[in-house]
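Participant: here is my input; please provide its structure:
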Amino acid sequence: MRVKVVVFAGVCWLCATLALGQNSAVNQGISNITGTGARALGMGGAFVALADDATAASWNPAGLAQLTRPGVSLVYDWSRGPYDTKAHRVADYINYPVGHTITTDTAYHGTLEGSFVGFAGVTYPFVVKSRLFVAQASYRRMASFPTLAGHSKSTSVGQWADGRPDTTGGSYVDDKDAFTGGFDSYSLSLATQLGSKVRVGVSLNYVTVDVTDRYAQYFHDLSDPVLSEQDYWLNAEYSFSGGQADLGVQWAPISQLTFGAVYHTGFTAKTKQTASQLYNWNADYYGEPPWPLTSSAFETNVHWPDAYQIGVAWQPVERLILAADYGAMAWSKAKLDEYQFPEWDENLQPTIVTYNDLPFPSYGAKQNDSSSVRVGAEYILLFGKHTAVPLRAGYFRERQLAPLSGFAEGGRIPSPPPTYTGFTLGAGLTYGKVQFDVAWVRTDGTQEGSGTWDTTSTGGTRTIHYNLTRKITFTQDRILASLIVGF
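Facilitator: You can find the predicted model right below:
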């Protein structure tokens, strides 16, 4: 059951991992990178035109110009949810001495879980020649990769052409894919007001990616679960860094209506990747392992894509705000230069194949520009002169960057890029100079596809015809808490 899955670049370059539940790029939040903060995400992430708190620079740096006092801010992010896969594969052994068909059904149930500090910043307004400027130094986790732990069980039925009775077998697998690190941004931002209607801002960002993956899989054949025990370990590290900028503007033609736009520049950076993997199985059952221990290391260039967001915020009455955003990332233009993959010949010996360029961070299928639509609302309850309790809700749709494909060696399972949907709820408490907010974000996603392919062996005299269908579903519950303190 060697399955190739569309996975995050730091893992999938190994490309021979065995688990059905291997982490997918679109499940890691990399398709549509947005800002952070409990207030913004409580409104569904529709914050580009509004962006008026200390997390503004992660959405639109122009919004910082609305802040008038120094302050510090912190955001914490926690997520958890199920990740389930069902697959049905039919393998026809056409030219073998005894023709037969093996049908395999596999069910995988896993859990994605992670937590991290999402944002920390210091904001300081200052005046130069009667003009107010607002500066901020901040840290942001742009994308983090949760741990995926799960269990899969497959059942197989053989149908033999010579009349022998069907045999039922299968296997079960326990695995854990644990990531540390992620996509981090260290930023210096500056914003100011131009006249009474226009705000502008810029963020200079140092983006650093330093990811470590520790993957372990334990495989057992149901026909002989003692002798057939097989373990697989993967230790991989992946890193790159580069500088880019966010350019933002907000325009308020009237006091109740604001438009916003932000442009995120791309960049090119050299990546460093190392990995070691170990197969440990019973040689009496399987024969001598073809690759008991392998390791590799190489460098390549990653071309990170441009992105943009536009939005509008409307305040029809004094304590109600409605907002909507649209954004896109140009993943169709992202790529890796001179990338290497391990492949195996008919004698199960590894060889290295180098490609001039490949799409990043997805392999096995042409990737598309991702996009998102977000809407949200906030209503503020007032209690006395110093206390406010905002209530928030939102909805979003995210079109992911690539279809689910590359289900198995030699086979491609085409399907349209999936679209994920979600809704959000949020609340807060503002007392004097202290603002505390919480948000709940629920995301639901489905990926599915089917396809057929042939493999040959022994000089092309034997053929196996495969037919495979597969469906992945996941739900993520995400909790954010933000604390902003002014001085």
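Participant: pull up the pairing partners for the host helix or strand of residue 478, direction included.
Facilitator: Following DSSP states H and E, one finds residue 478 within strand 462-486. In the sheet, strand 462-486 lines up against strand 71-93 (antiparallel), strand 434-457 (antiparallel) (DSSP bridges).
Participant: put the alpha carbons of the last one into PDB.
Facilitator: Looking back up the chat, that one is strand 434-457. What follows is strand 434-457 as a C-alpha-only set of coordinates in PDB (Å, rounded to 0.1, in the frame of the first residue of the first chain):
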ATOM      1  CA  VAL A 434      -7.600  46.300  27.700                       C
ATOM      2  CA  GLN A 435      -9.300  44.300  24.800                       C
ATOM      3  CA  PHE A 436      -9.800  40.500  25.100                       C
ATOM      4  CA  ASP A 437     -11.400  38.500  22.300                       C
ATOM      5  CA  VAL A 438     -12.200  34.800  21.500                       C
ATOM      6  CA  ALA A 439     -13.300  33.200  18.300                       C
ATOM      7  CA  TRP A 440     -14.400  29.700  17.100                       C
ATOM      8  CA  VAL A 441     -13.800  28.700  13.500                       C
ATOM      9  CA  ARG A 442     -15.400  25.600  12.100                       C
ATOM     10  CA  THR A 443     -14.000  24.300   8.700                       C
ATOM     11  CA  ASP A 444     -15.400  21.400   6.700                       C
ATOM     12  CA  GLY A 445     -13.700  20.000   3.600                       C
ATOM     13  CA  THR A 446     -14.000  17.100   1.200                       C
ATOM     14  CA  GLN A 447     -11.600  15.800  -1.500                       C
ATOM     15  CA  GLU A 448     -12.500  12.900  -3.800                       C
ATOM     16  CA  GLY A 449     -11.500  11.400  -7.100                       C
ATOM     17  CA  SER A 450     -11.200   8.200  -9.200                       C
ATOM     18  CA  GLY A 451      -8.900   6.900 -11.900                       C
ATOM     19  CA  THR A 452      -7.300   3.900 -13.700                       C
ATOM     20  CA  TRP A 453      -3.800   3.000 -14.700                       C
ATOM     21  CA  ASP A 454      -1.500   0.100 -15.700                       C
ATOM     22  CA  THR A 455       1.800  -1.100 -14.400                       C
ATOM     23  CA  THR A 456       4.100  -3.700 -16.100                       C
ATOM     24  CA  SER A 457       6.900  -5.900 -14.900                       C
END
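Participant: mind checking how far that strand is from the chain centre?
Facilitator: Centre-to-centre, strand 434-457 and its host chain are 9 Å apart (Cα atoms, centre = their mean, to the nearest Å).
Participant: what residues sit buried inside it?
Facilitator: By neighbour count on 16 or more other Cβ atoms under 10 Å, the buried set for strand 434-457 is 435, 437-441, 443, 445, 447-449, 451, 453. Every residue, glycine included, has its C-beta placed from N, CA and C.
Participant: beta partners of residue 189?
Facilitator: Applying DSSP bridges, one finds that residue 189 bridges with residue 136, residue 203.
Participant: if I look at it, how far off is residue 463?
Facilitator: Distance, residue 189 to residue 463, by Cβ to Cβ, to the nearest Å: 60 Å.
Participant: neighbour count for these two, which is higher?
Facilitator: residue 189 (25 against 14; other Cβ atoms under 10 Å).
Participant: do I have it right that that one meets residue 133?
Facilitator: No. Residue 189 is not in contact with residue 133 according to Cβ atoms under 8 Å; the separation is 10.6 Å.
Participant: before we move on, back to that, quick check: the farthest pair among the buried residues of strand 434-457?
Facilitator: Taking Cβ to Cβ as the measure, the buried residues of strand 434-457 span a maximum distance of 55.8 Å, between 435 and 453.
Participant: cheers, nothing more for now.
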